[in-house]
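Enquirer: could you look at this predicted model? Sequence included:
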Amino acid sequence: MLRLISGYRRSDPPPPDGRRDELLELAHAVQAGDRAALRTFLAQVVPHLLRVARRVLGPQHSDVEDVAYEAAYAVVEGLSRFRGEGTVLHFACRVAVLTAMNVRRRDAAQKRARGVAGCDPDSVQAEARDPEEQAVLGALAPVVRELLDTLPEPLAEALALHNMLGYTVQEVAEQSGAPVETVRSRLRLAKQALRKRVLGHPRLREVAEPLLREEAR
């Protein structure tokens, strides 16, 4: 199951560290009130926030752009609290994850109030770039997203950052302010919950079986 999850993560690796200095310098200029720097900063950051919103909400969600721009506003407002824990881009993407998770939880609460069932994993288009994994990941992606709605927020945040965005455990720890071993524990609990859901769904168990066998070797 760990390889199944990591396969989902590998489809979109994190941006290279080469952006760090550029964004940090821009962030300082934004804090100083430089409006030109603000425009440049947003132009570079918003595409990443859109990517995060699509990952967490699903590519067809109607609020993807709203979440990205709400996160962008929160990032700019929060730059004064940024203390160099990881990169500016890591900070921005974490804000987007939390913003998107709030929207998911709101949607889930509204569905429960209306008595609407969750989405059918078999009906979702695959997002993987590797054709061999499309069937598995296309079915798994909405299950991961729906799991975010029910997990405690620290577990959901760790799962989203590590397995959906590709952050290392150390980077998740830096961003969340939690010890590395605490992050490892959160990820272990989140993956146990995901495994339980996958194995409890006949279709997902069927398509995941080859990767489960591979992991057991």
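Expert: Sure thing, it's come through. Residues are numbered from 1 along each chain as shown.

Enquirer: for this structure, just list every one of the strands.
Expert: Here the chain has no strands by DSSP state E.

Enquirer: looks like residue 164 contacts residue 57 (just checking).
Expert: No: using CB atoms under 8 Å, residue 164 makes no contact with residue 57, being 11.0 Å away. The way it works is simple: take the backbone N, C-alpha and C, and place the C-beta from them, glycine included.

Enquirer: which one's the longest helix in the chain?
Expert: When secondary structure is assigned using DSSP state H, the longest helix within the chain turns out to be helix 88-114.

Enquirer: helices or strands next to that one in the packing?
Expert: helix 20-31, helix 35-57, helix 64-78, helix 134-150, helix 153-159, helix 169-176 (3 or more CB pairs under 8 Å, 6 or more residues apart in numbering; DSSP states H and E).

Enquirer: buried set for the last one?
Expert: With burial defined by 16 or more other CB atoms under 10 Å, the residues of helix 169-176 counted as buried are 169, 171-176.

Enquirer: what of the second one?
Expert: Under the neighbour-count criterion of 16+ other CB under 10 Å, helix 35-57 has 37-38, 40-42, 44-46, 48-57 buried.

Enquirer: and stretch 76-93, average pLDDT?
Expert: Mean per-residue pLDDT for stretch 76-93: 89.

Enquirer: cool, stretch 201-212 as well?
Expert: The average pLDDT within stretch 201-212 is 61.

Enquirer: need the helices and strands packed on helix 88-114 in a markdown table with distance to residue 201, can you?
Expert: Shown next, in a markdown table, are the helices and strands packed on helix 88-114 (distance: least, CB to CB, whole Å):
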| stretch | distance to residue 201 |
| --- | --- |
| helix 20-31 | 40 |
| helix 35-57 | 21 |
| helix 64-78 | 26 |
| helix 134-150 | 7 |
| helix 153-159 | 18 |
| helix 169-176 | 27 |
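
Enquirer: next, count neighbours for residue 59.
Expert: Around residue 59 there are 12 other residues, counting by other CB atoms under 10 Å.

Enquirer: same deal with residue 88?
Expert: 25.

Enquirer: which residues does the closest residue to it other than its chain neighbours contact?
Expert: Nearest non-adjacent residue to residue 88, counting by CB to CB, 6 or more residues apart in numbering: residue 23, 4.1 Å away. With contacts defined as CB atoms under 8 Å, 6 or more residues apart in numbering, the neighbours of residue 23 are 41, 44-45, 87-89.

Enquirer: mind picking the two most distant members of those?
Expert: The distance between the two most remote of the contacts of residue 23 (CB to CB) is 13.3 Å, for 41 and 87.

Enquirer: spatially central, which residue of this protein would that be?
Expert: residue 160 (3.5 Å; CA atoms, centre = their mean).

Enquirer: so who does it touch?
Expert: By CB under 8 Å, 6+ apart, the neighbours of residue 160 are 55-56, 97, 101, 148.

Enquirer: and if you look at residue 31?
Expert: Neighbouring residues of residue 31 by CB under 8 Å, 6+ apart: 79-80.

Enquirer: identify the residue nearest residue 197 in space, chain neighbours excluded?
Expert: Nearest to residue 197 is residue 143, by CB to CB, 6+ apart, at 5.6 Å.
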